[in-house]
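Undergrad: Please work out how this folds:
(2 chains)
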Amino acid sequence: MTAPRERAIVSLRSAPSLPRHVRIQYDPVRLAFAVLAPEKVFWPNDISLDILRRCDGQSTVERIIADLAADYDADPQDVADDVIAFLQEWSDKLLVKL
Amino acid sequence: MSKALLPPIGMLAELTHRCPLQCPYCSNPLELLKANLELDTRTWLHLFSQAADLGVLQVHLSGGEPTLRRDLEQLIAGLSARGVYTNLITAGVGIAEGRIEAFAEAGLDHLQLSFQGARPATTDRIGNHWGSHEKKLETARRARAAGLSLTINAPVHRHNIEEVPEFIDLALSLGAERLEIANVQYAGWALANRSLLMPDRAAVDRQADIVAAAQEQLAGIMTIDFVTPDYFAIYPKPCMGGWARDAFMVAPDGTVLPCHAAQTIPSLRFERFGDRSLAEIWTDSPAFNAFRGTEWMREPCRSCERREVDWGGCRCQALAIVGDAAATDPACIKSTAHTRMAALVDETRRSKTAGDDAFIYRRIGRDFDGSYNPRR
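TA: Residues are numbered from 1 along each chain as shown, chains lettered A, B, ... in the order given. Prediction:
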């Protein structure tokens, strides 16, 4: 099997973005934000949504962690663990670009 | 209904039954509709707008071959304007210069391209269209160049199951984000050709191992979705996510259906968009309510702990094999007809000597016994 691409690994300097086939859409019928992807619809919780919204291709993971720790008044190390695990999982599913 | 009716999330729009390919496992009905019965642009746009109002978030634009509709750009733009996610499901043969770019421009979110084989000779033979493989490769390149994300769809059966590793390589080489290895579902034309398409158990087992290993190895590189074959299963799939539960489809003439093969169930009458609104059909249509939820179930489904996992499986398969659309899907080990599935696999093995030329190729106006009847 030839693999012309490599699996991306999250680092603090990654600047994640949403690929073209993934978008966040407010659903006025269900009054919730949905993440739309090929053949899939996700209903992210508030924290997941806050992470995904910051995946603008500009903000680094380090910056995203600092912002969320401030917004949620939480321990940055706990936030870092959650954010990195979340982004790695979504990157492995090709739903976030690193 | 014991529970509140939820709005639909997904819709499959079969814009046309016309197609340059003649795949013998097509999920379209055996009685294909001619072009003059297709909804016009205005009606599709009206339907899409009602779908968005109703809560539909994703529309799969399919067929037949949806790019044969000259108004496809307009239809994509209409959906896009409402924020609906658009997925184009195409055979990728004969798409005119500039159109893929126009689809992207109109807001297309994703393109799904079918390959009948990983080898050119297989693709051309299964679709009964010489040169189609090359055209598909070109479509994939053009889609990538237009910035579109790509899923490669590989419908799998006896004649290409050994090509699964090559399908994986092909999808990687085309830069696809996603590969669907989809074992053919035996409804529509696939049911008519079942004895010629059914793989044997050893090949199915090998395939499952290959796919599982590739899924692990390709994490973060390419997603592989695997649609397992019902005839070798222990439990049924939640067909369409459950009958009329969160998705539906619309045929080229506007008939609104819970699934591809629903019209094979003779006791049901389906309604057309225009005669009634989409909301009325979704909510009130007796055909949609016939197998919705769990109230319709008999034993062993009724008391089964999986009743809200697989929703009783596929009604059309129950009809095709058990002769009763309200029976448990025979793919389920709890079905009294479960052994019939294995028997059908064995029967197929005995008839394996039949040549490929015995395929009943999909064709408008063709009777399912294989004869050509231009009056239909």
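
Undergrad: alpha carbons only for contacts and neighbour counts from here, please
TA: Fine.

Undergrad: Could you check which residue of chain A lies nearest chain B?
TA: Closest residue of chain A to chain B, Cα to the nearest Cα: residue A:92 (3.5 Å).

Undergrad: my read: residue B:72 touches residue B:65, true?
TA: No: judged on Cα atoms under 8 Å, residue B:72 makes no contact with residue B:65 at a distance of 10.8 Å.

Undergrad: Surely residue A:78 is in a helix?
TA: Yes: under DSSP: H, G, I helix; E, B strand; the rest coil, residue A:78 falls within a helix.

Undergrad: Find the nearest non-adjacent residue to residue A:43, please.
TA: Take residue A:43 and drop its neighbours on the chain: the residue closest to it by Cα to Cα, 6 or more residues apart in numbering or on different chains is residue A:34, 5.0 Å away.

Undergrad: Put the alpha carbons of the helix or strand containing the one you found into CSV.
TA: Here residue A:34, judged by DSSP states H and E, is contained in strand A:32-37. Only the C-alpha atoms of strand A:32-37 are listed here, as CSV (Å, rounded to 0.1, in the frame of the first residue of the first chain):
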residue,chain,number,x,y,z
ALA,A,32,-28.3,24.2,17.6
PHE,A,33,-25.0,24.3,15.7
ALA,A,34,-24.3,21.3,13.5
VAL,A,35,-21.0,20.3,12.0
LEU,A,36,-21.6,19.0,8.5
ALA,A,37,-19.3,16.5,6.8
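
Undergrad: Please name the bridge partners of residue A:17.
TA: residue A:56, residue A:97 (DSSP bridges).

Undergrad: surely it meets residue A:55?
TA: Yes: if you go by Cα under 8 Å, residue A:17 and residue A:55 touch, sitting 4.3 Å apart.

Undergrad: other SSEs contacting the one helix or strand residue B:13 maps to?
TA: Using DSSP H and E, residue B:13 maps to strand B:10-14. With contacts taken as 3 or more Cα pairs under 8 Å, 6 or more residues apart in numbering or on different chains; DSSP states H and E, strand B:10-14 sits against strand B:58-62, strand B:247-250.

Undergrad: who touches whichever helix or strand comes after that strand?
TA: As assigned by DSSP H and E, the chain's next helix or strand after strand B:10-14 is helix B:41-54. Under the contact criterion Cα atoms under 8 Å, 6 or more residues apart in numbering or on different chains, helix B:41-54 has outside partners A:29, B:7-8, B:71, B:74-75, B:78-79, B:82, B:84, B:273, B:277-279.

Undergrad: ditto for stretch A:44-57
TA: A:15-18, A:24, A:33-35, A:64, A:68, A:83, A:86, A:96.

Undergrad: Just the closest of the residues you listed to residue B:219, please.
TA: residue A:96 (12.6 Å; Cα to Cα).

Undergrad: ranges for the strands of chain A?
TA: In chain A, the strands defined using DSSP state E lie at A:23-27, A:32-37, A:40-42.

Undergrad: so what secondary structure elements neighbour the second one?
TA: Packing contacts for strand A:32-37, counted by 3+ Cα pairs under 8 Å, 6+ apart, involve strand A:23-27, strand A:40-42.

Undergrad: tell me the most buried of the ones you listed?
TA: strand A:23-27 (a mean of 17; mean count of other Cα atoms under 10 Å in any protein chain shown).

Undergrad: Checking residue B:151 next. Helix, strand or coil?
TA: Per three-state DSSP, residue B:151 ends up strand.

Undergrad: Export the helices and strands packed on strand A:32-37 as CSV, with columns for mean pLDDT.
TA: What follows is the helices and strands packed on strand A:32-37, written out as CSV (pLDDT from 0 to 100):
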stretch, mean pLDDT
strand A:23-27, 95
strand A:40-42, 95
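
Undergrad: any chance of these in JSON lines, plus distance to residue B:47?
TA: Listed next are the helices and strands packed on strand A:32-37 as JSON lines, based on distance: least, Cα to Cα, whole Å:
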{"stretch": "strand A:23-27", "distance to residue B:47": "18"}
{"stretch": "strand A:40-42", "distance to residue B:47": "21"}
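
Undergrad: for those strands, which one sits closest to residue B:162?
TA: Nearest to residue B:162 among the helices and strands packed on strand A:32-37 is strand A:40-42; the distance by Cα to Cα comes to 28.4 Å.

Undergrad: Chain A contacts on the stretch 151-300 of chain B?
TA: Listed as neighbours of chain A in the stretch 151-300 of chain B under the rule Cα under 8 Å from any Cα of the partner chain: B:165, B:168-169, B:172-173, B:177, B:218-223.

Undergrad: residue contacts, the residue in the stretch 151-300 of chain B positioned nearest to chain A?
TA: Closest residue of the stretch 151-300 of chain B to chain A, Cα to the nearest Cα: residue B:220 (3.5 Å). Taking Cα under 8 Å, 6+ apart, we find residue B:220 in contact with A:6-8, A:91-94.

Undergrad: repeat for residue B:287
TA: B:268-270.

Undergrad: can you check residue B:94 too?
TA: Contact analysis of residue B:94 by Cα under 8 Å, 6+ apart lists residue B:135.

Undergrad: again, only this time at 10 Å
TA: Contacts here follow Cα atoms under 10 Å, 6 or more residues apart in numbering or on different chains; on that basis residue B:94 touches B:20, B:67-68, B:132, B:135-136, B:139.

Undergrad: just residue B:270 next, same as before
TA: Shown in contact with residue B:270 (Cα under 10 Å, 6+ apart): B:255-258, B:262-263, B:281, B:285-288.

Undergrad: what do you get for residue B:218?
TA: Contacts of residue B:218 by Cα under 10 Å, 6+ apart are A:1, A:3, A:5-7, A:92-93, B:168, B:172, B:224.

Undergrad: farthest-separated two in the residues you listed?
TA: For the contacts of residue B:218, the maximum inter-member distance is 19.2 Å, found between A:1 and A:93 (Cα to Cα).

Undergrad: which regions of chain A lie under the pLDDT threshold?
TA: Scanning chain A for pLDDT under 70 picks out the ranges A:1-4.

Undergrad: So which bits of it are right by chain B?
TA: A:1-9, A:19-30, A:34-41, A:88-97 (Cα under 10 Å from any Cα of the partner chain).

Undergrad: In PyMOL, select just the buried ones from those.
TA: The command below creates a PyMOL selection of those among these that count as buried (16 or more other Cα atoms under 10 Å in any protein chain shown):
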select buried, chain A and resi 7+8+19+20+21+22+23+24+27+34+35+36+37+38+41+88+89+90+91+92+93+94+95+96+97
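
Undergrad: chain center to the strand holding residue B:13, what's the gap?
TA: Relative to its chain's centre, strand B:10-14 lies at 10 Å (Cα atoms, centre = their mean, to the nearest Å).

Undergrad: repeat for stretch B:302-317
TA: 20 Å.

Undergrad: shared neighbours of residue A:17 and residue A:55, which are they?
TA: With Cα under 10 Å, 6+ apart as the test, residue A:17 and residue A:55 both reach A:96-98.

Undergrad: Report the contact partners of residue 64.
TA: No chain was given, so I picked chain A. With Cα under 10 Å, 6+ apart, residue A:64 has these contacts: A:12, A:15-16, A:50-55, A:70, A:79-80, A:83.

Undergrad: that answer is for a different chain, and I need it for chain B
TA: B:14-22, B:26-28, B:32-33, B:89-91, B:252.

Undergrad: Confirm it sits in a helix?
TA: No: Residue B:64: not assigned to a helix; according to three-state DSSP it is coil.
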